[in-house]
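Student: When you get a sec, could you give me coordinates for this:
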Amino acid sequence: MHNAGEEVTSDYLVAATWASAFLGTPNVATVWIPAKDFVSAHRSSTSFSLSREVRTIDGDEVRIGRYGLGFGENIFIDPEWTEFSLPRSLPKAVTAEFTLDGQWDAHVIAPGTYASRVKNEGFFTNSNDEDSEAITEFLRTHAPTSSTYPGSDEVLSWVSIRNGAGELVGVAALTQWESGGKLLSSVAVHSEMRGAGIGASVVGASVERAKELGIEHLLLAVTRSNESAIRLYEKVGFTRLGQFNHFSR
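Tutor: Residues are numbered from 1 along each chain as shown. Alright, predicted model coming up:
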C-alpha cells in the first residue's frame, strides 16, 4: 500500500532523474541498480526507494528475487523485497521484523581533483598488471573473500604495489559495474606487511590510475566493522556517501 502523495515509476530514466534530485550526483541508487534489472521506483517528499530483480542459482534451479534500496524517512518497503538495504538512521522499530544480515558504507572520490596525500617511498606501482596468476594467488592467500579476481569482465585495470625486491605486496581493481558505475574493488595487502602504509599506497595509486582513465567518480563499499579500512579510505580522500543496514526476509 502506497502513502498519499507518493509517486511510482517503472521507467528507469525517470527513476534516475528522481535519484539525482533526491540524492545528488553521484549517488548509490543509480550505481547499485542497473537499468537492465530495474523494476520500479517510489518517491515522496521525504523518501526515495527503488527495486531490482536478482537471480540466484541453486544447483539447476534459478531463483528470481527482488533487491531494494531505500533513502530518507518513511520509506516504502516493497513486500516483494527478499533483500534490501536501508539507512542506518532509521528507527529500529521500522525494521524490527526483518533479519539484519550486515552493515555497510558507501564512499566516493573525484579522481580528477585528487592530489596525492600518500608517500610511496620504497614501493613502485604497476597499473593494468597482466600477471593475473600472481594477483589471483595473492588474493587467495591474503584476501580470500575478495569480490573480484582476474578474468572478471568488470575489471578496467589492476593496480599492484611491489617492494624494492619486486615482490607483490598490495593489489586493487578498478571495476565497472553493469550500471556503468566505477568502483574500487578487491583492495588487498600482504598479511605480514599490514600497518606499513601499503594499503594507503595501493588505494592512492588506484585513484591516480582512475584519474588517468578519466573516471569522474570512483565509489567503493566497505563493511561497517572494517574500521581500519574506513580510516584508510578517508585518509586517501574518500568521503562517505551513505550508511546502510542490509536485511533479508
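Student: how deep is the spatially closest residue to F38 that is not a sequence neighbour tucked in, by neighbour count?
Tutor: Excluding its sequence neighbours, the residue lying closest to F38 (CB to CB, 6 or more residues apart in numbering) is Y12, at 4.5 Å. All C-beta spots, glycine's among them, are computed from the backbone N, C-alpha and C. Neighbour count for Y12, taken as other CB atoms under 10 Å: 19.
Student: again, but for T148
Tutor: A count of nearby residues for T148, using other CB under 10 Å, gives 18.
Student: residues in contact with it?
Tutor: By CB atoms under 8 Å, 6 or more residues apart in numbering, the contact set of T148 is E154, V155, A173, T175, S185, S186.
Student: Mind doing that once more with 10 Å?
Tutor: L139, E154, V155, W158, A172, A173, L174, T175, L183, L184, S185, S186 (CB atoms under 10 Å, 6 or more residues apart in numbering).
Student: Spell out which helix or strand contains the fifth one, please.
Tutor: Counting by DSSP states H and E, the element that carries A172 is strand 168-176.
Student: could I get the very next helix or strand once past that strand in PDB with only the CA atoms?
Tutor: Note on strand 168-176: by DSSP H and E, the next helix or strand toward the C-terminus is strand 182-189. Only the C-alpha atoms of strand 182-189 are listed here, as PDB (Å, rounded to 0.1, in the frame of the first residue of the first chain):
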ATOM      1  CA  LYS A 182      33.100   2.800 -11.400                       C
ATOM      2  CA  LEU A 183      34.200   1.100  -8.200                       C
ATOM      3  CA  LEU A 184      37.300   0.300  -6.300                       C
ATOM      4  CA  SER A 185      37.300  -3.500  -5.500                       C
ATOM      5  CA  SER A 186      39.500  -6.200  -4.100                       C
ATOM      6  CA  VAL A 187      41.900  -4.000  -2.200                       C
ATOM      7  CA  ALA A 188      44.400  -6.300  -0.500                       C
ATOM      8  CA  VAL A 189      47.600  -6.000   1.400                       C
END
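Student: Begin at 39 from now on, thanks
Tutor: Shifting the count to begin at 39 puts that one at strand 220-227.
Student: Which element is encountered next along the chain beyond strand 220-227?
Tutor: Heading C-terminal from strand 220-227 (DSSP H and E), you reach helix 236-250.
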